[in-house]
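S.K.: the amino acid sequence is not available; the structure is as follows:
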């Protein structure tokens with residue numbers, strides 16, 4: 001289980017039951033080593049400096065600055081420091097009864113988002129130790145969501161590559177053939193693979209990116225809808241209004257008026 005990365009559909013998951021048990025900071029000595037242990041909750045370890053090793057169900061992992069470990073509930077594991085570069089980390093205990101299946105025990109937080117969120121969460125503990133305040137719950141749920149997102153993108157980095165392509169070219173007329181060609185996959189394999197990883201079809205993702213671009217223009221410009229629609233690849237004003245209302249449960253005009261009050 002430790003070395004396997006699973007496919008996820010993050011948008012279909014329920015994060016509302018995720019709760020923080022507590023968060024702490026650890027600065028290991030060179031000879032630090034934990035005995036084999038098991039928890040009734042999930043444990044997330046964010047490596048902020050140094051290097052350490054971990055063993056999960058017989059698999060040994062080496063982790064260093066920027067890596068994040070996930071020890072699932074009821075899974076035996078142990079940890080020990082690299083004596084030449086003792087580890088520093090933040091660790092959080094998390095309850096998530098609805099976690100449907102195991103996931104990768106290690107990811108790399110290349111953009112530092114989880115680390116930043118965890119530091120913020122730790123700072124909130126210093127401000128108020130109560131673990132279930134709205135801010136701490138929201139930060140915890142965001143950490144888990146980002147971990148799962150990185151697990152998905154680790155499965156196939158072409159998801160991230162394609163979304164970058166979509167954001168660069170969303171104003172153009174794009175077909176499924178265009179999107180598949182952008183990451184060198186056949187159209188039918190591409191559709192199945194993309195949906196299994198993201199929970200959406202490629203065209204659904206493209207539509208969402210276009211609507212987000214339209215929403216940004218509504219907030220930051222005075223452009224009329226008839227100009228915003230083609231700029232975002234959404235055809236005409238009627239098409240924009242129909243899709244915007246379906247996605248955001250309000251009309252573009254109502255959204256712009258409300259946000260500018």
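M.R.: Good, I have the coordinates. Note that the structure is a prediction, hence the values are computed from the model and not measured.

S.K.: how about the helices in the stretch 1-150 of the chain?
M.R.: With DSSP state H, counting those that start in this stretch, the ranges of helices along the stretch 1-150 of the chain come out as 113-127, 134-155.

S.K.: hey, least reliable of the ones you listed by pLDDT?
M.R.: Ranked on mean pLDDT, the bottom entry among these is helix 134-155, at a mean of 84.

S.K.: list the helices and strands the helix or strand just after that one packs on?
M.R.: Following helix 134-155 in sequence order, the next helix or strand is helix 158-169 (DSSP states H and E). If contacts are counted by 3 or more C-beta pairs under 8 Å, 6 or more residues apart in numbering; DSSP states H and E, helix 158-169 sits against helix 134-155, helix 176-182, helix 187-198, helix 202-220. In short, each C-beta sits where N, CA and C put it, glycine included.

S.K.: with distance to residue 242 and mean neighbour count added, can I get the ones you listed in JSON lines?
M.R.: Formatted as JSON lines, those follow (distance: least, C-beta to C-beta, whole Å; neighbours: other C-beta atoms under 10 Å):
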{"stretch": "helix 134-155", "distance to residue 242": "29", "mean neighbour count": "19"}
{"stretch": "helix 176-182", "distance to residue 242": "21", "mean neighbour count": "17"}
{"stretch": "helix 187-198", "distance to residue 242": "23", "mean neighbour count": "17"}
{"stretch": "helix 202-220", "distance to residue 242": "11", "mean neighbour count": "18"}
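
S.K.: can you redo those as JSON lines with distance to residue 110?
M.R.: Below are the helices and strands packed on helix 158-169 laid out as JSON lines (distance: least, C-beta to C-beta, whole Å):
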{"stretch": "helix 134-155", "distance to residue 110": "8"}
{"stretch": "helix 176-182", "distance to residue 110": "22"}
{"stretch": "helix 187-198", "distance to residue 110": "18"}
{"stretch": "helix 202-220", "distance to residue 110": "21"}
